[in-house]
Every structure is written in C-alpha cells, then in structure tokens.
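Q: coordinates only, sequence not included:
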C-alpha cells in the first residue's frame, strides 16, 4: 500500500507475526526506595519477561509528572521523570553512599509526598559529589558535557522552567512575572545567571536518567524484549513545551489557552469530558514541517522501540472547547493534520513504529487515517460483551493488524471488571467462551486466553491480570483527581507459577518468538523493533 505521495507504508507487524507482552508502568516495579525505577528491578523484570517467552514490555509515559502525578500531564515532552532514577545505580556509580539512601517506604503504593523529597535529596547529594570529583573522573564529566550539548534544544528551556517553578513555589507559569511569561531575552538571561546552580542540577538529573534508560534498553534488546512507550496526544498547559513554544498552541496574548481539549457528551458522560489541555495551532506546526512534533517522537524513540499514540483520533479531528466553558458540551470538532503529518514523519524517520489508540468515539475518517498508514489499532476485550455480534472488540471481528488487550491502565483490573459486570454481560462472556459460568477468580485467566488465542498480531495484559488482582490494584480511575498512579507490585507477588502459566499460554497460542524475529535483528538496520 502506498500513501498519497507514493511512499510505501510498511506495516508494523508482518502478516504471520504473533507475540505477546505485559503492561506495567515503571513506577509500579518493586523497589526499596518507595517507587519503581530504572535500576535492578527493571532489569529483573525484563529477565522475567524473557524467561516467560514475552516479547514486549509496555509502560506509561515517562515524562516528569505535574498535577496529580499523572504521567499524562507531563511538564515536558522531551525530559524524563527524575523519580525514575535508580538510587541503587547511583550507589554503584559511587555518586552516593548506601547510607544516603536508607529509607522506609510502603511496598504496596507510591507515597509521592515522601518519595519526591527523598529522591530530591539523593540527587542533590549526587550532584555535589559529581562536582567534587568530576575533574578526576574525566569520562563521566565528558559524557555529561556531551549530553548537555546534544540535548540543548530542549534541555536549556526545561532546566530553566523547572528552576523557575521551584523559585515560584510550583505556581502555574502564567502566574510568574509577565516578562518571564513572555520570555523577554534579557529577563531570561538574568534568571539563568541567578538560578545557575539549580539549572545545573536539573541538567545532571536528566543526564543520569538518560544514562540509566540507555542501559536498560540495551539489556532489553539483549534479552529479545522490545519496549513500547506511550506518547500523550496533548501536552500539559503548565509545561516547558507550552512556555517555550507558545506559537505552536492556540493561546491568547497572556498565554492562556483560547480553547481546551476534551471529548463531547457520550454514553459515559452526559456533559462530556473537559481535559483542560491547550490545543495545537496546526497551521503553525505545518509551516515548520511539524518539526517540534517529529522531535518529540524522536526523543521518545531514543528510549523505546514502538510508541502507543494516545488519542489517535486527534490527528483526524479533536474536540475544541472554548476556554472557561463549564462543560465540554459547547465544543466542536476541529480538523487535525491528517495524512500530511504522517507523511512528514515517515519522510523523517523512515518508518512509522506506532500503535494507534483508536478507542472511544471513532469515526470513518479516523479508521481511514489509521488504515492508510497501516497502523495497528487497539482492541480491549473488556468492551466486548454487550451482546452484539458485530462488536469490534470481539475477537472474531479482529483483523491481524491489531493489538489485543484484556484491559488498559484506565480500566478496572479484569477481576474487578467481572465482579461489576451486569449479569447478562457475564453470561455473554461465558457463552462466547462456550463455557459454563464460573467465578470472578477465573475471569482474568480466561480473558487472557481469549486475547492470546485471538487473530491479533500482539496480545498484551496488565500485570494485574496475570496476577489475578482485584480493585486494590487498579492504576487509574478516569475523572478521579486523587489516589491514582500509586499501585506497586511487591517482589513476593511475582510468583514463578504465574509466569510459568504465562509461558505455557504463550507457547500454546503460538506467540513464542523465534530468534530470527528478535529485536536485535532489526535495531542495527535502523528500524528498531518496528518490523519485528
């Protein structure tokens, strides 16, 4: 298949491809430091996936979180979340002492109010030690300087943004002094001089994080495991993205959004959903050849192999709500960049290693855009059992170019989902399986079997479903402001029995990957795992 300018769009998954993986955010990994990180537990997690014949690890967005600690409200599209820096790795590198990292945290949930200051203290110690002996460790000092130079196109703005956020007690940037909001060159220069030490610490934290991420990706590829990242469609209003590039968004003269993102009223919400993110000025982005967008994609692809494109329908059209509207009801659909965006990306990257998050209100134009560029869509089995044979989430309606999920980070765990299902949908579920009705304890395993046996090229389940966990393990409840993104798995919960069962399921459903289709076989060709 060729797109409009004659370039051939190569599908992400070849016609006979079958594989599987698990969904788990980095923050949910076991760790003695209050939050999962990129250290030894992440390496061990990859080893578990490899040993269970899993080909993919999917995580949530990895950017620095702001409001509500949501990975979908990041303060930068380019920076990483410094909370993911491994203290264990800092100890191994000699940047801190083991005694510096002594702590007591819950193993079951992330307590951000405790973890954030703890990690900040460790990073301050690491920075002080680095400054003290960087003249003797020339290799590390050179690597740091090289990183700062290579990443300067976003790092300088981000480091200053974070230093200013600290100075102004985390206030929304439009509440800063006007000349900082408007980015007066002389005022920015003064701020850089005044906050030089804080800026250097932000740079150094990003250097450490990228270094650890590179090591983790190298280990994953050595084990034949691909990494699936997640890119939010919109950016946070209080981000270095918006502050440094106001011309790329529909803002007024005071930098307030003129319109905000959301979705219209539907079955789930009579008033629609009001997300509050600024919307893009696609005319301005198009005039640059979508340079900022492509840089954003390239930045994430440095750390992952494939990107889940959140809110894919926004590339066809997005729901724009006038700023200040009390609900999303007054919005309207506004056309997105469409095919021109993906042609520009394909020209720059040479391929389109994307999974389209095509859930929700999907219209024919969204499907056509997805299919034009041969992007696999998502099918969530928890949405399948309303009793209609033409339900697109039923496996018999899948096409191969699909990623099948039992549920996502926004869904209840499958055990909780089953417990809350209306009785008629429970019966539909068991009827579809051609099984006598069983209990909620059996639902997650059966839904995984259904995903793994489906025609979909890739099957993925949240770790919570493999472990058959209930409502206590839910990661996110959309629309709830507090208490999300906190769940963690304990080391003792990662039983070998569950992973042996997963390996058996993977092999019996012919989703075991042969060496000829490993990640490493394609990375050197510049295609990452996009053609595995």
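A: Here it is on my side, so go on. No experiment lies behind these values; they were computed from the predicted model shown.
Q: hey, let's count contacts and neighbours off CA atoms from now on
A: Noted.
Q: show me where pLDDT drops low in this protein?
A: 1-9, 134-136, 267-268, 513-532 (pLDDT under 70).
Q: which element follows the helix ranked longest in it toward the C-terminus?
A: Scanning the chain for the helix with the most residues, using DSSP state H, yields helix 196-222. Later in the chain than helix 196-222, the nearest helix or strand by DSSP states H and E is strand 226-231.
Q: next helix or strand past that following strand?
A: Reading on from strand 226-231 to the C-terminus, the next helix or strand found by DSSP H and E is helix 240-244.
Q: ok, back up a step: so which elements touch the longest helix of the chain?
A: Applying 3 or more CA pairs under 8 Å, 6 or more residues apart in numbering; DSSP states H and E, one finds that helix 196-222 contacts helix 40-51, helix 112-133, helix 138-150, helix 152-167, strand 226-231.
Q: So for residue 17, which of the ones you listed sits nearest?
A: strand 226-231 (14.2 Å; CA to CA).
Q: and the direction of that closest one versus that of helix 196-222, what angle?
A: Calculated by axes from the mean of the first three to the mean of the last three CA atoms, to 10 degrees, strand 226-231 forms an angle of 140 degrees with helix 196-222.
Q: Tell me which strands strand 226-231 pairs with, and in which orientation.
A: strand 56-58 (parallel), strand 306-309 (parallel) (DSSP bridges).
Q: which non-adjacent residue is nearest residue 110?
A: Of all residues not flanking residue 110 in the chain, residue 486 sits nearest, at 4.7 Å (CA to CA, 6 or more residues apart in numbering).
Q: isn't that neighbour right next to residue 475, touching?
A: Yes. Counting by CA atoms under 8 Å, residue 475 is a contact partner of residue 486 at 6.7 Å.
Q: Please say which of the two ends up with more neighbours.
A: Taking neighbours as other CA atoms under 10 Å, residue 486 and residue 475 compare with residue 475 leading, 24 against 20.
Q: How is the closest residue to the more buried one other than its chain neighbours assigned, secondary-structure-wise?
A: The shortest distance from residue 475 to any non-neighbouring residue, by CA to CA, 6+ apart, is to residue 485 (5.2 Å). Put simply, residue 485 is coil when judged by DSSP: H, G, I helix; E, B strand; the rest coil.
Q: Residue 485 and residue 330: what is the separation?
A: 30 Å (CA to CA, to the nearest Å).
Q: For residue 19, give me phi and psi.
A: In terms of degrees, to the nearest 10, the main-chain angles of residue 19 are phi -150, psi 180.
Q: what about the closest residue to it other than its chain neighbours, how many residues close to it?
A: Closest residue in space to residue 19, ignoring its immediate chain neighbours: residue 511 at 4.3 Å, by CA to CA, 6+ apart. Residues lying near residue 511 (other CA under 10 Å) number 23.
Q: Contacts only, for residue 511.
A: Residue 511 makes contacts with 18-20, 452, as judged by CA atoms under 8 Å, 6 or more residues apart in numbering.
Q: host element of it?
A: According to DSSP H and E, residue 511 maps onto no helix or strand at all.
Q: which one of the contacts of residue 511 is nearest residue 156?
A: Closest approach to residue 156 among the contacts of residue 511 (CA to CA): residue 20, at 39.0 Å.
Q: What lies in contact with the host helix or strand of that closest one?
A: Counting by DSSP H and E, the element that carries residue 20 is strand 19-23. For strand 19-23, contacts defined as CA under 8 Å, 6+ apart pick out 49, 54-59, 408, 452, 457-463, 506, 510-513.
Q: Please find the angle between the direction vectors of that strand and strand 226-231.
A: For strand 19-23 against strand 226-231, the angle by the same axes, to 10 degrees is 50 degrees.
Q: Quickly run through the sheet partners of strand 19-23, with directions.
A: strand 56-58 (parallel), strand 458-462 (parallel).
Q: got a list of contacts for the first one?
A: When you say that, I think you mean strand 56-58. Contacts of strand 56-58 (CA under 8 Å, 6+ apart): 19-25, 46, 49, 225-229.
Q: do the last one as well
A: With contacts defined as CA under 8 Å, 6+ apart, strand 458-462 is touched by 17-24, 402-409, 448, 451-452.
Q: what about 6 Å?
A: Contacting residues not belonging to strand 458-462 are listed as 18-23, 403-406, 451-452 [CA atoms under 6 Å, 6 or more residues apart in numbering].
Q: Of the residues you listed, keep whichever come out buried.
A: The neighbour-count test (16 or more other CA atoms under 10 Å) marks 18-23, 403-406, 451-452 as buried among the contacts of strand 458-462.
Q: could you dump the residues you listed to a markdown table with distance to residue 184?
A: Shown next, in a markdown table, are the buried ones among the contacts of strand 458-462 (distance: CA to CA, whole Å):
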| residue | distance to residue 184 |
| --- | --- |
| 18 | 54 |
| 19 | 52 |
| 20 | 51 |
| 21 | 48 |
| 22 | 47 |
| 23 | 44 |
| 403 | 47 |
| 404 | 49 |
| 405 | 48 |
| 406 | 50 |
| 451 | 54 |
| 452 | 56 |
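Q: So for residue 485 and residue 330, which residue has more residues nearby?
A: Ranked by neighbour count (other CA under 10 Å), residue 485 and residue 330 place residue 485 first, with 21 against 15.
Q: what separates the more buried one from residue 164, distance-wise?
A: Noted for residue 485: a distance of 26 Å to residue 164, by CA to CA.
Q: got it, and residue 277?
A: Distance from residue 277 to residue 164, by CA to CA: 21 Å.
Q: now residue 490
A: 37 Å.
Q: Of those two, which one has the most company?
A: Taking neighbours as other CA under 10 Å, residue 490 and residue 164 compare with residue 164 leading, 21 against 16.
Q: now that one: how far from residue 188?
A: Taking CA to CA, one finds residue 164 at 10 Å from residue 188.
Q: Near the closest residue in space to residue 203 that isn't next to it in sequence, how many residues? Count them for me, please.
A: Excluding the flanking residues, the one nearest residue 203 by CA to CA, 6+ apart is residue 159, at 6.2 Å. Residue 159 is flanked by 26 other residues according to other CA under 10 Å.
Q: if I read this right, residue 159 contacts residue 201, doesn't it?
A: No. At 8.3 Å, residue 159 and residue 201 do not qualify as touching, with contact defined as CA atoms under 6 Å.
Q: helix/strand/coil for residue 261?
A: Going by three-state DSSP: residue 261 is strand.
Q: To clarify, my last question referred to residue 358.
A: coil.
Q: Torsion angles phi and psi at it?
A: Per degrees, to the nearest 10, the backbone of residue 358 is at phi -110, psi 50.
Q: for residue 172, same thing?
A: Per-residue torsions, residue 172: phi -50, psi 130 (degrees, to the nearest 10).
Q: any idea how far it is from residue 324?
A: Applying CA to CA, the value for residue 172 to residue 324 is 17 Å.
Q: hang on, residue 343 in a helix?
A: Yes. Assessed by three-state DSSP, residue 343 belongs to a helix.
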